[in-house]
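In: Got a predicted structure here, sequence first:
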4 protein chains.
Amino acid sequence: MEKINKNVLNHVITPRNPQSYKGNYGKILIIAGSTHFGGAAILCTSAAIHSGAGLVTLATTPEKFTAVNVQIPEAMTIDYTQKNELAQAIKSNDVIAIGPGLGTSSIAKGVVKAALNLTTEKQTLILDASALTIIAEQQLPLETKANIIMTPHQGEWQRLSHLPIHEQNEENNHKQLQKLNPNATLILKKHLSEIYYQDQALQIQAGNAGMATGGMGDTLTGIIAGFVGQFNYSLETISAALLIHSLIADKIYKENYVVLPSKIIAKLPKYMKKFNQAK
Amino acid sequence: MEKINKNVLNHVITPRNPQSYKGNYGKILIIAGSTHFGGAAILCTSAAIHSGAGLVTLATTPEKFTAVNVQIPEAMTIDYTQKNELAQAIKSNDVIAIGPGLGTSSIAKGVVKAALNLTTEKQTLILDASALTIIAEQQLPLETKANIIMTPHQGEWQRLSHLPIHEQNEENNHKQLQKLNPNATLILKKHLSEIYYQDQALQIQAGNAGMATGGMGDTLTGIIAGFVGQFNYSLETISAALLIHSLIADKIYKENYVVLPSKIIAKLPKYMKKFNQAK
Amino acid sequence: MEKINKNVLNHVITPRNPQSYKGNYGKILIIAGSTHFGGAAILCTSAAIHSGAGLVTLATTPEKFTAVNVQIPEAMTIDYTQKNELAQAIKSNDVIAIGPGLGTSSIAKGVVKAALNLTTEKQTLILDASALTIIAEQQLPLETKANIIMTPHQGEWQRLSHLPIHEQNEENNHKQLQKLNPNATLILKKHLSEIYYQDQALQIQAGNAGMATGGMGDTLTGIIAGFVGQFNYSLETISAALLIHSLIADKIYKENYVVLPSKIIAKLPKYMKKFNQAK
Amino acid sequence: MEKINKNVLNHVITPRNPQSYKGNYGKILIIAGSTHFGGAAILCTSAAIHSGAGLVTLATTPEKFTAVNVQIPEAMTIDYTQKNELAQAIKSNDVIAIGPGLGTSSIAKGVVKAALNLTTEKQTLILDASALTIIAEQQLPLETKANIIMTPHQGEWQRLSHLPIHEQNEENNHKQLQKLNPNATLILKKHLSEIYYQDQALQIQAGNAGMATGGMGDTLTGIIAGFVGQFNYSLETISAALLIHSLIADKIYKENYVVLPSKIIAKLPKYMKKFNQAK
């Protein structure tokens, strides 16, 4: 399998046009969080903002608004229990990322269905965590015309693809991904994560065991949303998002026994600038 | 159009009189925030405090008080749904800044009308964001005798002035501003923002594309409020506020791909000191 | 009037006994905060903890508990609207500081009366801000046998002492303080603040105009509470608390146009160590 | 009594296996906090996460969820007043730490009983603070087959063991610990804390008087939970947790008059890395 080349960061992270405005850097909707999993929503939203997204709205349960306002005053919020409000937001954003800390309540199920039903071809829909669990359990077809990105770990991929972990090889993964949605991108999270898109497969050459801590996947999802929102939907952009997450973690791991997600997020703006300037 | 000279910061940011007390540095009322836009209120209030305002009160919805207490313990709060309390606060503060994250609910409309009706000639009223939207939609006349500062981006200015963006030239902007209120100051936010006051027009020579992110305008409004509160209402003071916001952002942009508003705010006290010491 | 000598910090901030435990450093009760003034309570409590107090409890309105838990997880909380709970806390703490952000509601009045009525001779009662306003308005006699410290600014002292500001000279201040309570200490906050205790008067030779911002007095009250709690009730200790507050502010002011109270608080542990080591 | 050797940190803090995932670093349940003692729960949970625990859930009163989401977005939460939910969490985690800020309400008592009744032999149960008070008051037998760690200070140990402080010598402590539970570990917190396990006793040679401040014990409990969760239940691991807490505090104390628990927590990842790299 081909390795992700570090140069991808130089290609993807382009200098910004001086005449641009925040509308040029993507309207992102994060649908995440629930009573017991509030932090996941915060980490995901904060990662999207620190990666340079133009406008970020978090759809969550209203009891989390205070924590969001404190941690990320740059974010807007909506209440995902309000169906019309949520539908409107799904339709009007460029990138919708759903799943971190969402849980599997009946509200969460309705929210996932809304995202699958209401997105259209000019949008990107990122499916993560609880959203993947719900899709597997409810056997929801991925029939949206939006670009789909799925970010399961191996257990979640088993439930989605019906491939036991020992059968999750390149050929089988391609085959099952094609069945789920032929235009979707799969990020299979594991030691040396892999990306599958149509007939292509790439493997990361970064990451470390200090990343084995809660909130790490939520943070990756936010970075992918930010990158797709401001750059584009492409294998290269998604590879860059996956890679930068692990490269920053590797840097932190050199001096820390455990890599806390919030530290990765804080380092995004400076780390991105380095690649941007290297051109 | 004349450029804003960087020396304006040396003129405006004067050394403080050792015998002064907080009443000398302005009583500022920020009217901002609503259920879904809590962060805007926090950024605006925090910017006013970090720019040196003497006493800052945030009038907002009470559900945001906890986030405010955490993020800016130096601020006081009032509940803008309490009409008498709000009226009292509008009358007793020197500078009233209204709009960031306020939304366009009927409560927001009432609040904007109260600000326009209750301010008097010794006060400064800064109109931003949702307040400008409400004024345009409701065709509210700007009849207050207070000094008015408006901070629209180009789309908001179009709605206020009925000038399509391609007709927003120096002459037309002056003419329409005179019609709205002959003593008002207009900050037209765009790539190289412009300030209009009576027959004068100035353009900024700073700012960058990393500022294209949520919360940037809310932060500017807070800085303007802080500057007018502690210095005075003048073209020079307003130019200094606009300039310092972009100069700090330019400094951050040298090392960061995106410029988060909260980072600009944190740097205000140190950056202001440099200009103050340069004299 | 005699000046406060900087050596007082070396005398007061003694090295800690290795065998000591937190009970040796004072049990402090801060009674502060109300719906609209939550930040004052947080700043005061945080200052007490950062100055080295052993155990700090904040009695406030329960709606502020979340903000307190976030900003100062080291603090405990109680609900001052629960009379028995408050009475118990007043009786069982060594130092009670009352007033920052308390407001002048009927609840606040009851709370101030409880503090005056329930404190006894082994305790210290610090009266600040709203507590002083209530005492002046309600003409409450200072009949507690606790050691009293009052921290009015000039306007508050006028209301307490009936001395117009231009008559607030050394002789008159001594006289009026004796009438209020012959064992009380008065800190008169102004440019070059003064301390009065029995027949002694001291003046500070530090402080700056960057301190003219909201929350500065709340922070001083917290430091005094922390110092009296872990050292003792004496003119020397109170002078040290007043002085360290301004000396840290002077240090910050060298590089910042405005001195935010939260920055003074953060610097307390390091700054205190310097004096402690100088011996 | 034998001293804890600093080399224990090199033995315990092993390099992580690159192929590991967060399930390898322990599932930790912290049962802590109550209306008036929210900060204790936050400090304990944050310490567990910063020490490298894989997955950390805080069972607390729901009114504390917002503060937890802000301070530690990496943590999950559950509501300990929901009996079934709590029972499920107790059964499904590897390490259960109970007590910091829990209080002694009837709910707290039920929660402590649930922890004693529902834990089994593959788990570790850490009993601290309020949990120890409840066990002493209610004379609850320590009959769980889980590994038990108790962390009383001398007064709490007196209530548990019925040994007055002057009789708390090595022989008596061993004897009383055997009666309570022959497989339990006792950390007796005092100047130069001691650890008792079966016929072994160790004494720490670190710690300082700057640690005499609120929240210090809650932080230690979180570190022990994190260490047992990712390493193992052994005298060596528990000694390492106790030692690292004091060594970091000693480092902070060199430059600070008081050692705030939150500063110890922040330094955990870097300090642990040093020992890990020394091998």
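Out: Sure thing, it's come through. Numbers count the residues shown, from 1 in each chain, chains lettered A, B, ... in the order given.
In: check contacts around the residue in the stretch 151-279 of chain A that chain C sits nearest to.
Out: As assessed by Cβ to the nearest Cβ, chain C sits closest to A:Ser262 within the stretch 151-279 of chain A, at 14.5 Å. C-beta here means a position set from N, CA and C on the backbone, and glycine is covered the same way. By Cβ atoms under 8 Å, 6 or more residues apart in numbering or on different chains, the contact set of A:Ser262 is A:43, A:46, A:215, D:73-74.
In: Next one: it, what pLDDT does it get?
Out: At A:Ser262, the pLDDT value in this model is 97.
In: Okay, and it sits in which element?
Out: helix A:261-277 (DSSP states H and E).
In: Export that helix to PDB, keeping only CA atoms.
Out: Included here for helix A:261-277 are C-alpha records, laid out as PDB according to Å, rounded to 0.1, in the frame of the first residue of the first chain:
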ATOM      1  CA  PRO A 261      -6.200  16.100  22.300                       C
ATOM      2  CA  SER A 262      -6.500  19.700  23.500                       C
ATOM      3  CA  LYS A 263      -2.800  20.100  23.100                       C
ATOM      4  CA  ILE A 264      -2.900  19.000  19.500                       C
ATOM      5  CA  ILE A 265      -5.700  21.500  18.800                       C
ATOM      6  CA  ALA A 266      -3.700  24.400  20.300                       C
ATOM      7  CA  LYS A 267      -0.800  23.700  18.000                       C
ATOM      8  CA  LEU A 268      -2.700  23.500  14.800                       C
ATOM      9  CA  PRO A 269      -2.400  27.200  13.700                       C
ATOM     10  CA  LYS A 270       1.300  27.300  14.100                       C
ATOM     11  CA  TYR A 271       2.000  23.900  12.700                       C
ATOM     12  CA  MET A 272      -0.100  24.600   9.600                       C
ATOM     13  CA  LYS A 273       1.800  27.900   9.000                       C
ATOM     14  CA  LYS A 274       5.100  26.000   8.700                       C
ATOM     15  CA  PHE A 275       4.000  24.000   5.800                       C
ATOM     16  CA  ASN A 276       2.300  26.900   4.200                       C
ATOM     17  CA  GLN A 277       5.500  28.900   4.400                       C
END
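In: Neighbour-wise, which one of the contacts of A:Ser262 leads?
Out: Counting neighbours by other Cβ atoms under 10 Å in any protein chain shown, A:Leu43 leads the contacts of A:Ser262 with 32 neighbours.
In: Pull out the CA atoms of the helix or strand hosting that residue and give them to me as CSV.
Out: Under the assignment given by DSSP H and E, the secondary-structure element containing A:Leu43 is helix A:38-50. Presented in CSV, the C-alpha positions along helix A:38-50 are these (Å, rounded to 0.1, in the frame of the first residue of the first chain):
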residue,chain,number,x,y,z
GLY,A,38,-20.1,16.9,26.1
GLY,A,39,-16.4,17.0,25.7
ALA,A,40,-16.3,15.2,22.4
ALA,A,41,-18.4,17.9,20.8
ILE,A,42,-16.1,20.6,22.2
LEU,A,43,-12.9,18.9,21.0
CYS,A,44,-14.3,18.4,17.5
THR,A,45,-15.6,21.9,17.2
SER,A,46,-12.4,23.4,18.5
ALA,A,47,-10.3,21.4,16.1
ALA,A,48,-12.3,22.6,13.2
ILE,A,49,-11.8,26.2,14.2
HIS,A,50,-8.1,25.9,15.0
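In: Just the angle for that helix relative to helix A:261-277, thanks.
Out: Using axes from the mean of the first three to the mean of the last three Cα atoms, to 10 degrees, the direction of helix A:38-50 lies 10 degrees away from that of helix A:261-277.
In: List the contacts of A:Ala249.
Out: For A:Ala249, the residues meeting the contact criterion (Cβ under 8 Å, 6+ apart) are A:206-208, A:210-211, A:216, A:259, A:264.
In: Apply 7 Å and report the result again.
Out: The contact partners of A:Ala249, by Cβ atoms under 7 Å, 6 or more residues apart in numbering or on different chains, come to A:207-208, A:210-211, A:259, A:264.
In: All the helices of the stretch 1-150 of chain A, residue numbers only.
Out: For the stretch 1-150 of chain A, helices defined by DSSP state H, counting those that start in this stretch occupy the ranges A:8-12, A:38-50, A:65-71, A:83-92, A:106-118, A:129-138.
In: Let's have those in TSV, adding distance to chain B.
Out: Putting the helices of the stretch 1-150 of chain A into TSV (distance: least, Cβ to the nearest Cβ, whole Å) gives the following:
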stretch	distance to chain B
helix A:8-12	11
helix A:38-50	7
helix A:65-71	4
helix A:83-92	9
helix A:106-118	17
helix A:129-138	22
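In: Of all these, which one comes closest to A:Asn172?
Out: With Cβ to Cβ, the closest approach to A:Asn172 among these belongs to helix A:129-138: 16.6 Å.
In: So for stretch A:166-174, mean pLDDT?
Out: The predicted model assigns stretch A:166-174 a mean pLDDT of 97.
In: What are the buried residues along it?
Out: A:168, A:173-174 (16 or more other Cβ atoms under 10 Å in any protein chain shown).
In: Would you mind measuring the gap between the ends of that stretch?
Out: 15 Å (Cα to Cα, to the nearest Å).
In: chain center to that stretch: distance?
Out: Going by Cα atoms, centre = their mean, to the nearest Å, the spacing between the C-alpha centre of stretch A:166-174 and its chain's C-alpha centre is 22 Å.
In: which residues sit against it?
Out: Counting by Cβ under 7 Å, 6+ apart, residues outside stretch A:166-174 touching it are A:1, A:154, A:157, A:163, A:186, A:188, A:196, A:199, A:201.
In: Tell me how far the spatially most central residue of chain A lies from B:Ala114.
Out: Here the mean C-alpha position of chain A is nearest to the C-alpha of A:Thr221 (Cα atoms, centre = their mean), at a distance of 2.1 Å. Taking Cβ to Cβ, to the nearest Å as the measure, A:Thr221 and B:Ala114 are separated by 43 Å.
In: do the same with A:Ala32
Out: To B:Ala114, A:Ala32 is 37 Å away according to Cβ to Cβ.
In: Neighbour count for those two, which is higher?
Out: Residue environment comparison for A:Ala32 versus B:Ala114 gives the larger neighbour count to A:Ala32, 34 against 20, counting by other Cβ under 10 Å.
In: Kindly state the pLDDT recorded for that one?
Out: What the model reports as pLDDT for A:Ala32 is 98.
In: now A:Phe275
Out: With respect to pLDDT, A:Phe275 scores 85.
In: ok, now which ones touch it?
Out: Per Cβ under 7 Å, 6+ apart, neighbours of A:Phe275: A:9-10, A:13.
In: which residue ranges form the strands in the stretch 151-279 of chain A?
Out: Under the criterion DSSP state E, counting those that start in this stretch, the stretch 151-279 of chain A carries strands at the ranges A:185-188, A:194-197, A:200-203.
In: Contact partners for the spatially closest residue to A:Tyr21 that is not a sequence neighbour?
Out: Ranked by Cβ to Cβ, 6 or more residues apart in numbering or on different chains and with sequence neighbours excluded, the top spatial neighbour of A:Tyr21 is B:Ala212, at 5.2 Å. The neighbours of B:Ala212, taking Cβ under 7 Å, 6+ apart as the test, are A:20-22, A:24-25, A:54.
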